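# Sequence first, predicted coordinates after that:
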Amino acid sequence: MTRNLLIAIPLLPLIAALIAGLAGRRIGRAASAGVTILAVGVSCALSLEVVRQLFFAGAPAVDISVYTWLISDGIRFQVGFLVDRLTGLMMAVVTFVSFCVHVYTIGYMRDDDGFQRFFSYISLFTFSMLMLVMSNNFMQLFFGWEAVGVVSYLLIGFWYTRPSAIHANLKAFVVNRIGDFGFVLGIAGVVYFTHSLDYADAFALAPAIAGAQLPLGADTVVPALTLICICLFVGAMGKSAQVPLHVWLPDSMEGPTPISALIHAATMVTAGIFMVARMSPLFEYSDAALSVVLVIGATTALFMGFLGIVQNDIKRVIAYSTLSQLGYMTVALGASAYSAAIFHLMTHAFFKALLFLAAGSVIIAMHHEQDMRRMGGLAKYMPITAVTCWIGALALIGTPFFSGFFSKDALIEAVGESQRAGSTYAYWCVLAGTFVTALYTFRLLFMTFHGEERFHGHGGTPHESPWVVTLPLVALAIPSIVIGWLTIGPLLFGGAFGGSIFVLEANDVVGELGHEYHGPLGFVLHGLKGAPTWLALAGVLTAWYLYMKDTTLPGRIAARFAGLYRVLVNKYYFDWCNERIIAPFVRLVGRIFWKGGDQLLIDGVLVNGTARLIDWTAAKGRRIQTGYLYTYAFWMVIGLAALLGWFLIRG
Amino acid sequence: MQFGILSALVWLPIAGGVAVLALGDRRIVAGRWVALLVALATLALSLPLLAGFDRGTAEFQFVEHLPWLPAFNSWYHLGVDGISLPLIVLSAFMTVPVVIAGWSVISVRPAQYYAAFLIMEGLMIGVFAAIDGLLFYFFWEAMLIPMFLIIGVWGGPRRVYATIKFFLYTFLGSVLMLVALIYLYVQGGDYSLRALQDLPLTLGEQRWIFLAFLAAFAVKVPMVPVHTWLPDAHVEAPTGGSVILAAILLKMGGYGFLRFSLPIAPDASRELDWLMILLSLVAIVYISLIALVQTDMKKLVAYSSVAHMGFVTLGSFIAWDIAQSTGAYSGAAMGLDGAMVQMVSHGLISGALFLCVGVMYDRVHSREIAAYGGVINTMPKFAGFMVLFAFANAGVPGTSGFVGEFLVIIASYKANFWYALLTATMLITGAAYTLWLIKRVLYGPVANEQVAKMPDLNVRELLVLGMLAVSVLLLGIWPAPLLDIMHSSIHHLVEQMTTSKLPL
C-alpha cells in the first residue's frame, strides 16, 4: 500500500463533494451525480485492493503520518492513517455500501430540488467516515467522529422546511454531543497518561495505565483506565445510539431513506462499535468498563427490540431494529468478543442497508406513504423489492445459512461463554431478543408485502421501482446471503484480524468457541440444535398468526395489556422525560441565571446599586453644603477637633 | 533607531482615517475607496511582519525605540513577539471586512464612520505593538474614544445607556491599571515592558498589582461578574462596531493577562489562580446557560463570546494546578497555546457571526430571533455561511473553533479532572444554543412576508463572509503555522510565570 493510494481513498469523495456542493448548480444534476459516484466507485475499488493486499497478499499493517496538524507542548497532533485488517474491512464495507446508496439515490431523489446538494452530502459523509476508520490517532478519530455527526445533522434536516426534520436534526446533534462530551474526556485522559494522541503509544502503555489511579478529590481516587474507557464508551453510546442516548436515532428517520440506510444503519452508527474494537487494547484491561458495556448493550438489544413491535411506520420499525442490533454488537464488545462484534457489524451493514433501501423502494411505490397499516399485498406488484426484502429479513432474524445467522449465533454463544459480571443478564437478553427480532421483522414483511391490500386511494396500482433502485437491492442481497458463510472461518476463528484486535488470554471467548469450530456447515448444523434458531422460528410463527391469520388479535392484546402497551408506544417515556422535564428545566435554570443573576443581582444590585449609592451620598452630601457660613464653620470646628483628637491619641 | 514597519502599521490607518475625515461626507465615494485601500494596505503591510518573523526566539522583534516622554523615562518603544504578532495580524485582517460591510449600509456621517474604524485599527495595533508600559496605556485608553463614538453615533436606540456603561466599566478598570503601572515605574524607574517583567516585587506588592491589572483586563475579556456591559454594548453597536468589539477588543483583556499579569506578578498569579479558574468555569457553565435562553441574536452571540473567552482565561491560569497534579509544568504551555488560539479563532468566528446578524438586520431591521424563520429558503448562500460559522462556534473539528477548545480541555484535564469536565460541557451547551438559533432563524418554512422578501447575499457580503469562512477553515485544518509562531514566546512565558520573584 503506497501512501498515495491511502490518501486517495478518502480524498476522492471529498473532492467530489466539493465539486457537487459548490458547483452543483452550474454543472447540473447528471454531472453532480456522475462525479460523486465515480469518486466513491474508485474509492471503493481502491479499498477492495487494500483488502486484497491485507487479507490475501499478506501485506503488513501500515501506520503513516500524512501531516502535522499542530505541535503543542511537545505533543504532536497529526493526521495519519493506520490501515490494518480491521480498518481494511471497515473501509470496504463503508465504500461499498456508500457506492450502492449513491446509485440508489439517482432513483430515490430524482424529483428533489436538492439533488446535487444530496450527492455532495453523502460524498462528504463517505470522506468523514473514511477519516474516522483510517485514523491512527485520537485527534483525527474525533475529527471523523464529529464530521460524520455534522453530515448526519445536515442530512436529517435535508428537507429543512419540515418542522419534524429540523427538530430531529437538532436533537441528533445535541444528543451526540452529550456522547462526545464523554468521548473528549476519555481522549484527554489518554493524553494525560501517555503524553501522546497516537494509538500506538496508548496501546503500548495500556497495561501501565491499568495500574494507575486518577485523583478526583482530596481523598478519592478511581482506577484510571476504567474511567478512561467508560468516558470513551459514553462517546460510543452517543454515536451508536445505546440507551439512554438512543433517542435521536428513531427521529433521524426524518431524513431521506438513502441516508437512513447509509448513515443510520450501515456505517455511522457502527462507529462506536468500531471504536471500542479499535480500543480493545485499552478496554481489555478494565473488566469494570467492559461490564458496563455489556449491560448497556444487552439492555439496548432487548428493550429497543420491543419497541419495534408497536411501530407502524415502516422506517421506524427498521430503526428500532437497528438500535437492537447495535445493542447486540455492543454486548459482544462487552464480552471481549470484538471480532464477533465486527463480524456482526459487517453482515448487519449489508442486510440492514438492504432492508432500508427496500423500504425506500416501497415508499417510492406508495408515493411517500410510510405507514404499514396502509400497505399490504405489495409482493405481487414489486417482486424484486419483495424478494430482496425477504432476504434481508431472513438474514436479520438469523435464518440458517444466511449471513446474519453466522454472526448472531457466534455472538450469542460468545456471550454465553463469558464469565464477566453482567454476562448472565446479557445472555438472557440477547436470547430473548432473537424471538423479538423475528416477531417485528416478519410483522413488517406481512404487513407490507402480504395479506390484504390497504393502500387504496394512492392513485393507480403500485409498480416496481426503476433499475437504479433495484440494482443496489440485488447488489446488497448477495452479500446478505453469502458473506457469513464465506467469512466466518477466517474472521472469527482464523485470526484474520491479526494484531488489530487484542484480547487477553483469560477473556478469549471467541477462541473458546473456535475449539469446536469445524467449518461453516458444522456451524450451521450445530446452530440448528440451539435455542436462538428455534426462538426465531417461534417469532416468525407468532408474527404469522398475529398478522396473517387472526389480524384482530394484536388489537385485543393491546387492549388487554393497555398499560404495557402505552409504555411501549411512548417509548418508555424517554422523549417525554427529555422534552417535558430536562429541556424545560435547563431553560428555566438559564432564565433564572439571566434574570436573577445577570439582571437582578449584577446589574440591579451591584451596578445600578452602586450608582444609586453614589447618588444617595451625593444627595446627602449636598445638604451639608447649605451655603450658610455658620454650617461651614461648625463642620470646620468638628473637623479640627477630630484631627486634633486623632493626633493626640496617636502621638 | 528609525521608524519601521510597526510604526507604519500603527500610523498608516490613523493617517488614512484623517484623510477620509478630510474628504468628508460629500466626497464619500472617494472616501470609501480610500478607507478600503488603507485597510488593505495595512493588511498587506502585516505580511512582511509574518514573513520576516523569527520563530526561534522569544525576544521582541522589529523593535523601534525612540524617545517619547523623557521626563518619565517612557519611550516610543514598539516590538512584537509570538504573542502579539497573531493579534496584530488579526486586527489588520478584521478591519477589512468591517470596511466592506459598511459600504452601502452606513448613510449617517459615513466619513466619520470609516475614519473611526481606521483610527481604531491603528490604535489597536498600537496596543499590541507597544512594549513600553505608558505607551501601552496611551493606546489602550485612546482606543476607547473611537469605540465610544462608534456606539454613541451609529448605535441603536439605547446607545447612550450602553456607551456610558461601556465607558465607565472600561475606564474604571483602566485607571487602576495606570496606578499599578505608575507604582511599578516608581519602584523600577523604567516603563519598558521587559524591565517591568523583571522587577522584583514582594508578594504583598504583587497582590495589589495583580488586582489592579485584573480590574482592567477582567472588564475587557470580559469575565464574570463584570461582563454585563458587553451584551448591552453589542446590542446597541452597529454591525462593524460589534465585529471589532468581539474580534479585537475582548482579546486585549486576554493579551493583558499574558503580557502583564502573569510575568509581572507571577507569585500573586499563583496565589490567586483559584479565583481566575473559578471565574473562568463560571463563565463557561453559567454564561452558556444564559446564552441558551436569549431571544435577541446579538445578545446570544455576545453571551456566547463571554463563555468562549472563559477558555482563554482558564487556559492561562492552570499552570500551577498542573504542576501540583503532575509534578511538572508540562501541559502549561498547552493551556496557553489553547488560550492564544482561542483568541484568534474567536476573533474570526464571533466577527463572522455578528456580520451574519448584520446581514439579516440590514434586510429586516430586527435582531429578534422570533422575527425570522426559514431564511434558508430565500437566502440559501447566506444560510450555508451561517451554518458553517455556527458549527465553528460550536467547536466542530475542521474549523478554528475546535483547536483552542480541544487544547484547553486536554490541558485542564492535567490540572484537575473536574475542570475538564466542566469545560467540556461547552460541547453540549455550545451546540445547543448555536444550533437552536440556526434552527429557529434559518430552517423551517418561510415565517413571514419580510423573510419572503429577503434577497440573498450580494457580492460585497459574499466577499466578506467568504474571506472569514476561508480563514476559519484554514485555521481549523492546519493550525500548525500559528502554533509555530507562538511557540518560543509561550515557552518563555511559562518560564516567567513559573519563576518566583520572591527571595528564597
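It's in.
# For the closest residue to B:F136 other than its chain neighbours, name its beta-bridge partners.
The shortest distance from B:F136 to any non-neighbouring residue, by Cβ to Cβ, 6 or more residues apart in numbering or on different chains, is to B:A130 (4.1 Å). In this view, the C-beta of every residue, glycine as well, is placed from N, C-alpha and C. Counting by DSSP bridges, B:A130 forms beta bridges with B:L78.
# What's the local residue count around B:A130?
26 (other Cβ atoms under 10 Å in any protein chain shown).
# my guess is it contacts B:L78, does it?
Yes: B:A130 is within contact range of B:L78, at 6.3 Å (criterion: Cβ atoms under 8 Å).
# Pull out the buried residues from the strand ranked longest in chain B.
As assigned by DSSP state E, the longest strand anywhere in chain B is strand B:61-69. Within strand B:61-69, the residues that qualify as buried are B:Q61, B:F62, B:E64, B:H65, B:W68, counting by 16 or more other Cβ atoms under 10 Å in any protein chain shown.
# Please apply the same query to stretch A:359-376.
Residues A:359-366, A:369-370, A:372, A:374-376 are the ones in stretch A:359-376 that count as buried (16+ other Cβ under 10 Å).
# Would you mind listing what in the stretch 201-350 of chain A touches chain B?
A:L214, A:P215, A:L216 (Cβ under 8 Å from any Cβ of the partner chain).
# which stretches of the stretch 201-350 of chain A form helices?
Secondary structure of the stretch 201-350 of chain A (DSSP state H, counting those that start in this stretch): helices located at A:224-239, A:248-251, A:257-261, A:271-278, A:280-283, A:287-310, A:314-334, A:338-365.
# So what's the gap between stretch A:55-66 and the chain middle?
27 Å (Cα atoms, centre = their mean, to the nearest Å).
# Isn't A:A536 up against A:L394?
No: under the criterion of Cβ under 8 Å, A:A536 makes no contact with A:L394, lying 9.7 Å away.
# what about B:D54, which SS state?
At B:D54 the chain is in coil, as set by DSSP: H, G, I helix; E, B strand; the rest coil.
# residues contacting the residue lying closest to it once chain neighbours are set aside?
Sequence neighbours aside, B:Q61 is the residue nearest to B:D54 in space, at 6.1 Å (criterion: Cβ to Cβ, 6+ apart). Contact analysis of B:Q61 by Cβ atoms under 8 Å, 6 or more residues apart in numbering or on different chains lists B:G52, B:F53, B:D54, B:G79, B:V80, B:D81.
# separation between the second one and B:F136?
If you measure B:F53 against B:F136 using Cβ to Cβ, to the nearest Å, the figure is 20 Å.
# more neighbours, those two?
Ranked by neighbour count (other Cβ under 10 Å), B:F53 and B:F136 place B:F136 first, with 25 against 17.
# Name all residues that make contact with the more buried one.
B:V127, B:A130, B:L193.
# ok, back up a step: in a markdown table: the helices of the stretch 201-350 of chain A, plus mean pLDDT.
Formatted as a markdown table, the helices of the stretch 201-350 of chain A follow (pLDDT from 0 to 100):
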| stretch | mean pLDDT |
| --- | --- |
| helix A:224-239 | 95 |
| helix A:248-251 | 93 |
| helix A:257-261 | 90 |
| helix A:271-278 | 95 |
| helix A:280-283 | 94 |
| helix A:287-310 | 95 |
| helix A:314-334 | 95 |
| helix A:338-365 | 93 |
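# Can I get these in a markdown table including distance to A:K571?
Listed next are the helices of the stretch 201-350 of chain A as a markdown table, based on distance: least, Cβ to Cβ, whole Å:
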| stretch | distance to A:K571 |
| --- | --- |
| helix A:224-239 | 17 |
| helix A:248-251 | 8 |
| helix A:257-261 | 18 |
| helix A:271-278 | 21 |
| helix A:280-283 | 30 |
| helix A:287-310 | 6 |
| helix A:314-334 | 9 |
| helix A:338-365 | 20 |
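# Of those helices, which is nearest A:V567?
For A:V567, the closest of the helices of the stretch 201-350 of chain A is helix A:287-310, at 9.3 Å, according to Cβ to Cβ.
# helices or strands up against the closest one?
Helix A:287-310 makes packing contacts with helix A:224-239, helix A:280-283, helix A:314-334, helix A:423-449, helix A:562-569 when contacts are defined by 3 or more Cβ pairs under 8 Å, 6 or more residues apart in numbering or on different chains; DSSP states H and E.
# Where do the strands of the chain begin and end?
Reading this off chain A. When assigned using DSSP E, the strands of chain A occupy the ranges A:62-72, A:75-83, A:213-215, A:221-223.
# wait, chain B
B:61-69, B:74-80.
# before we move on, the earlier item: for the buried residues of stretch A:359-376, which one is nearest chain B?
Nearest to chain B, judged by Cβ to the nearest Cβ, of the buried residues of stretch A:359-376 is A:Q370 at 21.0 Å.
# That closest one: what's its closest spatial neighbour, skipping adjacent residues?
Nearest one to A:Q370, counting by Cβ to Cβ, 6+ apart, is A:D313 at 4.9 Å.
# just B:Y286 next, same as before
Per Cβ to Cβ, 6+ apart, closest to B:Y286 is A:F593, 5.6 Å.
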